[in-house]
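Asker: Let's see this in three dimensions:
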Amino acid sequence: MNAVTKILLRIALLAAGLLACLATLPDARAETPAAPTEGIWVAHDADRERPRIELAVGRSWRSGLQVREPGLRAFLRGSTGAAHELRREAGTFLLRREAAAGDAVSGTFRFTPDPAFEAALAARGYAAVSGSRLFQMAALDLTTGFIDGLGELGYQSLSLERLLEMAIHGATPGYVREMADVGLVGLSSRELVAARIHGVTPEFAVQIATAGYGELPLELLLQFRIHGVTPAFVDALREREMGGLSAATLIALRIHGVTPAYLDAMAELGYAGLPAQRWVEARIHGVSPEFVRELDELGYRGLPLSTLVQMRIHGVTPAFVRRVAERSSRTPSARRLIEMRIHGWGE
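Answerer: Next up is the predicted model:
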């Protein structure tokens, strides 16, 4: 049983013990915007400097917050019935400690929205914000400073949903400024969220530029991150005499599995110094080191890579070669084997 499973089991046991609490809770969806919200919480790794607290309201809302705050660790390690306040600009969480099991602690909470925050939102065009949204904003610690900071950078009149999405993924005003400092300016809020989701950081953009790919648009940087084109990958290719490749070629190599390990294995079999596109074709059609070794053992050594590709395209497998050998006293050439497969021999 791994650590994650153990934690999940603990949560399930704690939640079962607190089920009676939920039966008395109001329907969160029916509350007024300023109404308090009640639910249960579970903290994992309570002894860490920044323990993570999972909040749940019935079956409809769930959120999590990672907190570094004086007194919180002492509260989590304290006695049953102890209370602790977590203050946010959007409102206050009053946590009450109820149970503990191993490194997990649980209890009930009450969240009370701050009327001053609701008024500040209304002044910025976000009127009558629901209780569920205020709860999310508090859990994320989404502040008026966050909203104003984005507005100053040109991201005005964003929907509340988009603001929450940006806060969830860490597309903060600071992140926007840092991206602009490395040349990634004028990005939409949607692009900023995508960049954060896929790990396009200012540091990554600088590392890629240092590797010889400066001023790439965000779209290509996203493709690099999605497919694993890293500075280390670029350096490894250069060491194997495959430098100066386009960004699109690097992505194609990663998509199709032309890795340094693959190139090394093929080099040991005598295949090296070929153009990148040839390697992509080989991988697309399944020319693997194992395939080459099997053909070597059957007497087909040193075949051109293009011939190996044709053999794979037409189904000239080692098993097919063995069947031909069993029925013929001659050893046909690789080209002849391909022709035999094209014309249906052995089907």
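Asker: show me where the protein has strands.
Answerer: Counting by DSSP state E, the chain has strands at residues 37-44, 52-57, 61-66, 83-88, 91-101, 104-113.
Asker: how about JSON lines for these, with mean neighbour count, distance to A252 and mean pLDDT added?
Answerer: Glycine gets a C-beta too; all of them are placed from N, C-alpha and C. Listed next are these as JSON lines, based on neighbours: other CB atoms under 10 Å; distance: least, CB to CB, whole Å; pLDDT from 0 to 100:
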{"stretch": "strand 37-44", "mean neighbour count": "22", "distance to A252": "41", "mean pLDDT": "90"}
{"stretch": "strand 52-57", "mean neighbour count": "20", "distance to A252": "39", "mean pLDDT": "87"}
{"stretch": "strand 61-66", "mean neighbour count": "15", "distance to A252": "38", "mean pLDDT": "72"}
{"stretch": "strand 83-88", "mean neighbour count": "16", "distance to A252": "47", "mean pLDDT": "94"}
{"stretch": "strand 91-101", "mean neighbour count": "19", "distance to A252": "49", "mean pLDDT": "93"}
{"stretch": "strand 104-113", "mean neighbour count": "21", "distance to A252": "46", "mean pLDDT": "94"}
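Asker: Adding distance to R240, write those strands out as JSON lines.
Answerer: Shown next, in JSON lines, are these (distance: least, CB to CB, whole Å):
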{"stretch": "strand 37-44", "distance to R240": "44"}
{"stretch": "strand 52-57", "distance to R240": "43"}
{"stretch": "strand 61-66", "distance to R240": "42"}
{"stretch": "strand 83-88", "distance to R240": "53"}
{"stretch": "strand 91-101", "distance to R240": "53"}
{"stretch": "strand 104-113", "distance to R240": "49"}
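Asker: Can I get stretch 39-51 in CSV? Just the C-alpha atoms.
Answerer: The C-alpha coordinates for stretch 39-51 follow below in CSV (Å, rounded to 0.1, in the frame of the first residue of the first chain):
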residue,chain,number,x,y,z
GLY,A,39,-18.3,22.1,6.2
ILE,A,40,-15.4,19.8,7.1
TRP,A,41,-11.7,20.0,6.7
VAL,A,42,-8.7,17.6,6.6
ALA,A,43,-5.1,18.6,6.9
HIS,A,44,-2.3,16.4,5.6
ASP,A,45,1.3,16.4,6.9
ALA,A,46,0.4,18.5,9.8
ASP,A,47,4.0,18.8,11.0
ARG,A,48,5.1,20.5,7.7
GLU,A,49,5.8,24.2,7.6
ARG,A,50,3.0,24.7,5.1
PRO,A,51,0.4,22.0,5.7
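Asker: lowest-pLDDT helix or strand in this protein?
Answerer: In the chain, no helix or strand scores lower on mean pLDDT, DSSP states H and E than helix 19-23, which sits at a mean of 37.
Asker: The strands of the chain: which one's closest to D181?
Answerer: Evaluated over the strands of the chain, closeness to D181 peaks at strand 61-66, with 26.6 Å, by CB to CB.
Asker: these two touch, right, L305 and R278?
Answerer: Yes. The criterion here is CB atoms under 8 Å, and L305 meets it with R278 at 5.9 Å.
Asker: what residues does stretch 274-289 touch?
Answerer: When contacts are defined by CB atoms under 8 Å, 6 or more residues apart in numbering, stretch 274-289 is touched by residues 242, 245, 249, 252-253, 256-258, 262-263, 265-266, 268-269, 305-306, 308-309, 312-313.
Asker: Can you give me the buried ones in it?
Answerer: Using 16 or more other CB atoms under 10 Å as the test for burial, stretch 274-289 gives L274, A276, W279, V280, E281, A282, R283, I284, H285, V287, S288, P289.
Asker: Nearest to V105, out of those residues: which one, please.
Answerer: Closest to V105, out of all of these and judged by CB to CB, is R283, at 50.4 Å.
Asker: so where is the stretch 151-300 of the chain shaky, pLDDT-wise?
Answerer: For the stretch 151-300 of the chain, no stretch has pLDDT under 70.
Asker: which stretches of it form helices?
Answerer: 160-169, 173-181, 189-198, 202-210, 218-227, 231-239, 247-255, 260-268, 276-284, 289-297 (DSSP state H, counting those that start in this stretch).
Asker: still on that earlier bit, L222: which of the strands of the chain is closest?
Answerer: For L222, the closest of the strands of the chain is strand 61-66, at 25.9 Å, according to CB to CB.
Asker: circling back to that earlier point, what is the nearest of the buried residues of stretch 274-289 to L184?
Answerer: A276 (26.9 Å).
Asker: quick one on the thing from earlier: take the buried residues of stretch 274-289 and lay them out in TSV including distance to Y300.
Answerer: Output for the buried residues of stretch 274-289, formatted as TSV (distance: CB to CB, whole Å):
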residue	distance to Y300
L274	19
A276	25
W279	20
V280	23
E281	19
A282	16
R283	20
I284	21
H285	16
V287	13
S288	15
P289	15
